[in-house]
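[1] Return a 3D structure for these sequence lines:
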Amino acid sequence: MKRYIQSMRSASWAAALFACLLGCGTDGAMMAGDSNSCMGSTDPHQFATNGEAIFRTGRDKDGVVVQDLAKSEMNMMVHSCEMCHGADGGGMMHTPSIRFRDLADPNQHAVPYTDDLVKRFLDEELKSDGTPARTGVAWKMSDRDKTDLIAFMKTL
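    Residues are numbered from 1 along each chain as shown. As a prediction, this is how the structure comes out:
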């Protein structure tokens, strides 16, 4: 029960709850075999870049899930950046903006994010100042995937 309460306090609990209510399976796809996820298509091939595919689907262009489901607390489905931060990365409900221009803004972060600090966040779930982020979602991305994702975030 304690873990459930802690996960409900995490920033992504609402997205996970919506996914459950809408009938998403553990891979983020609709259980009835529909090719659309609760937040849009799960087909990473429809996007112009690998970074956009990761941002929108939680999968790279090869279809590989970039969420580490074994290490994630919120692992009942595949998460994408868009699922919790919105289509434009500007944040939703209790989640902050992940637009790179906002992450790198010293008026919004005492330690502004750099490419390397975003990569560290993805690898170690540490905020730019080194404190734990505690999002409940862990990632397993190649260096290329991280670079591509950051390049896409810079377009938002």
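[2] Mind jotting down where the strands sit in the chain?
    36-37, 40-41 (DSSP state E).
[3] Worst mean pLDDT among these?
    In terms of average pLDDT, strand 36-37 trails the rest of the strands of the chain, at a mean of 38.
[4] looking at it, Leu149 is touching Phe47, isn't it?
    No: using CB atoms under 8 Å, Leu149 makes no contact with Phe47, being 11.8 Å away. Glycine gets a C-beta too; all of them are placed from N, C-alpha and C.
[5] which regions of this structure sit below the pLDDT cut-off?
    1-41, 75-76 (pLDDT under 70).
[6] returning to what we had before: for Leu149 and Phe47, work out which one has more neighbours and name it.
    Leu149 (26 against 18; other CB atoms under 10 Å).
[7] separation between the more buried one and Gln67?
    Distance, Leu149 to Gln67, using CB to CB, to the nearest Å: 12 Å.
[8] One more: Asp145?
    12 Å.
[9] Could you pull up the contacting residues of the spatially most central residue of the chain?
    Centroid-nearest residue in the chain, with CA atoms, centre = their mean: Cys81, separated by 2.9 Å. Residues near Cys81 by CB atoms under 8 Å, 6 or more residues apart in numbering: Ile54, Phe55, Arg56, Gly58, Gly89, Ile98, Leu149, Met153.
[10] dump the residue contacts of the nearest residue to the last one once chain neighbours are set aside.
    Counting by CB to CB, 6 or more residues apart in numbering, the nearest residue to Met153 once its immediate chain neighbours are dropped is Phe100, at 4.4 Å. Applying CB under 8 Å, 6+ apart, one finds that Phe100 lies in contact with Tyr113, Val118, Ile150, Met153, Lys154, Leu156.
[11] please redo it, this time with the cut-off set to 7 Å
    Going by CB atoms under 7 Å, 6 or more residues apart in numbering, Phe100 touches Ile150, Met153, Lys154, Leu156.
[12] and the third one, how many neighbours does it have?
    I take that to be Lys154. Lys154 has 14 neighbouring residues, counting by other CB under 10 Å.
[13] try the last one
    By other CB under 10 Å, 19 other residues sit near Leu156.
[14] Can we start the residue count at 695 from this point?
    New numbering, starting at 695: the last item is Leu850.
[15] Contacts only, for it.
    Applying CB under 7 Å, 6+ apart, we find Leu850 in contact with Asp782, Gly783, Arg793, Phe794.
[16] give me that answer again for 10 Å
    Contacts for Leu850 (CB atoms under 10 Å, 6 or more residues apart in numbering) come out as 746, 749, 775, 779-784, 791-796.
[17] Before I go, just wanted to say thanks for your time.
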